[in-house]
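A.B. asks: Sequence plus predicted model, see below.
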Amino acid sequence: MPDHFVETNIIIGYTVEWDRQAPVVKSYLDSLSGIDLHTSPRVLSEAENVVNERRRLAKQAARHIFQDFETGHRRPGIDEIVDFVWKKLSDCRDAAVDHVIQHIEDNEYYYTGLTQVDSRNGLQSTSDDIDDDFDAAVNIIVNIRNQNCDGFEPEIFTNINQNYNNYSVFSTIDRILSGKPTDRDILLDSYHLTQKESLSLLYFVTMDGDFLDNDSDIESCLGTVDVEHPNSV
């Protein structure tokens, strides 16, 4: 079987235990045998940025609950907290808020408890608990980067380009993908790997809809990269 290149949402599913894709990633990694895994520094940086974005939103949600949630003298149910947070974070990206909601549901005592305290010390205590959770995820990413993560040590392809304009496929891939430029560059990291290592085929393993929905066009353009969901490899 060809080598695999794992991108950001695979790293997130491995490092963030409350990520809804974590079971899929665990099953995928448990099924691997004798397959070389690759990733790139850009993937790890993007994963760290995603974790820290979720951290910021989780702490923002905690502040809203502490300051604005009206309870009277009763402790609210988790469903009420979730509905409240969705409304308060309605201007943020759904995927980011969904991640925060997963954290709230897994740690409801952090958040429902904020409705029962008046002191900002209570808010600070919850913020510290949130930091601890997200620090744990960031630390795993750091260990992956240092190739010191037991059970998950993909080879980090460091010979990447800061700009892939020199590749003839650049403009086509840029048109195919509707997401962030980082997504394009991560995909082209994998393509660049195949060119530098003379790989005839590399599985680009992802759960990102932008890649999966355009897999045929991507594969036709790149030739040496095959876009795959972790359930299918």
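C.D. replies: Ah, there it is. These figures come from a predicted structure and were not determined experimentally.

A.B. asks: Wait, Thr39 touches Ile156, no?
C.D. replies: Yes - the pair Thr39 / Ile156 is scored as a contact, 5.9 Å apart, by C-beta atoms under 8 Å. In this view, the C-beta of every residue, glycine as well, is placed from N, C-alpha and C.

A.B. asks: Looking at these two, which one has more neighbours?
C.D. replies: Legend: neighbour count by other C-beta atoms under 10 Å for Thr39 and Ile156, higher for Thr39 (27 against 17).

A.B. asks: Spatially nearest residue to the more buried one (excluding sequence neighbours)?
C.D. replies: Nearest non-adjacent residue to Thr39, counting by C-beta to C-beta, 6 or more residues apart in numbering: Pro154, 4.6 Å away.

A.B. asks: Per-residue pLDDT of the one you found, please?
C.D. replies: Predicted confidence (pLDDT) at Pro154: the value is 96.

A.B. asks: who touches it in this structure?
C.D. replies: Taking C-beta atoms under 8 Å, 6 or more residues apart in numbering as the criterion, Pro154 is in contact with Val6, Leu37, His38, Thr39, Ile144.

A.B. asks: That one and Ile10, how far apart?
C.D. replies: 9 Å (C-beta to C-beta, to the nearest Å).

A.B. asks: Give me the below-cutoff pLDDT ranges for the chain.
C.D. replies: In the predicted model of the chain, residues 72-73 satisfy pLDDT under 70.

A.B. asks: Kindly recompute the last result at 80.
C.D. replies: Low-confidence segments of the chain, defined by pLDDT under 80, span residues 71-74.

A.B. asks: Thank you kindly, that will do.
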